[in-house]
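[1] Turn this into a model:
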Amino acid sequence: MIAAMLVSLFLIAADQVLKWCAMTYLKPVGFIPIINNVLHLYYLENEGAAFGLFEGNVYILVVVTAVLLVILLIAIIGRFIRHPMVVWALSLIVAGGVGNLIDRIFRGFVVDYVYFVPIDFPVFNLADICVVTGTALIIIYILFVEPRERRKKHIFIR
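    Next comes the predicted model:
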């Protein structure tokens, strides 16, 4: 658990450094193609949540995000969640949530800077990657790991 929380702190710091770099170096030029027509750095100030949802409702997003983060932290620190995969997944979600929450509180918007051109996916950032990765790990756990562990316990009970 301690290692997962330390990685969360590192990811929060990395997210904030990358956003500072985007504001300092990318904002003046708008975008920089990394791989032409595939991956671009593109400066965007997102005032909403994922895909621009709840745009202009910063206070609601701050409160909802803060409440969810407190619940996740209690679950992790209180050891209510014991499976390592879920602890790591929740730690990634916490890192991403805190990274974007910092933006919303201090800037009034989230700084996004990664744009995947071929599928015209919305511009995103490291914090978003953390949240999506953590969520994907939880889905994998629910669909594949937890049922297998339940079957193992059931076999040993008989």
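[2] C-alpha from now on. contacts and neighbour counts both.
    Fine.
[3] could you list every residue that touches the residue nearest the centre of the chain?
    Centrality entry for the chain: nearest residue to the mean C-alpha point is residue 131, 2.5 Å, by Cα atoms, centre = their mean. With contact set as Cα atoms under 8 Å, 6 or more residues apart in numbering, residue 131 has these partners: 92-97.
[4] Mind listing what's buried along the longest helix along the chain?
    Using DSSP state H to assign secondary structure, the helix with the most residues in the chain is helix 84-107. Neighbour counts using 16 or more other Cα atoms under 10 Å place 85-104 of helix 84-107 among the buried residues.
[5] Okay, now the unreliable bits of the chain?
    The model of the chain has pLDDT under 70 over residues 50-54, 154-158.
[6] Which stretches in it count as helices?
    Listed in chain order (using DSSP H), the helices of the chain are 2-21, 58-77, 84-107, 126-140, 146-157.
[7] what's the spacing between the longest helix of the chain and its chain's center?
    The gap between the average C-alpha position of helix 84-107 and the chain average comes to 5 Å, counting by Cα atoms, centre = their mean, to the nearest Å.
[8] Tell me which residues are up against it.
    For helix 84-107, with Cα under 8 Å, 6+ apart as the criterion, the contacting residues are 1, 4-5, 7-9, 11-13, 15-16, 47, 58, 62, 65-66, 69, 72-73, 76, 81, 109-111, 126-135, 137-138, 141.
[9] Of those, select the buried ones using a ChimeraX command.
    Of the contacts of helix 84-107, the buried ones can be selected in ChimeraX as follows, counting by 16+ other Cα under 10 Å:
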select :1,4,5,7,8,9,11,12,15,16,47,58,62,65,66,69,72,73,76,81,109,110,111,126,127,128,130,131,132,133,134,135,137,138,141
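[10] From start to finish, how long is stretch 133-146 in a straight line?
    18 Å (Cα to Cα, to the nearest Å).
[11] Identify the residues contacting that stretch?
    By Cα under 8 Å, 6+ apart, stretch 133-146 touches 85-86, 88-93.
[12] 6 Å instead?
    Under the contact criterion Cα atoms under 6 Å, 6 or more residues apart in numbering, stretch 133-146 has outside partners 89, 92-93.
[13] Including distance to residue 115, could the residues you listed go into TSV?
    Below are the contacts of stretch 133-146 laid out as TSV (distance: Cα to Cα, whole Å):
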residue	distance to residue 115
89	24
92	21
93	21
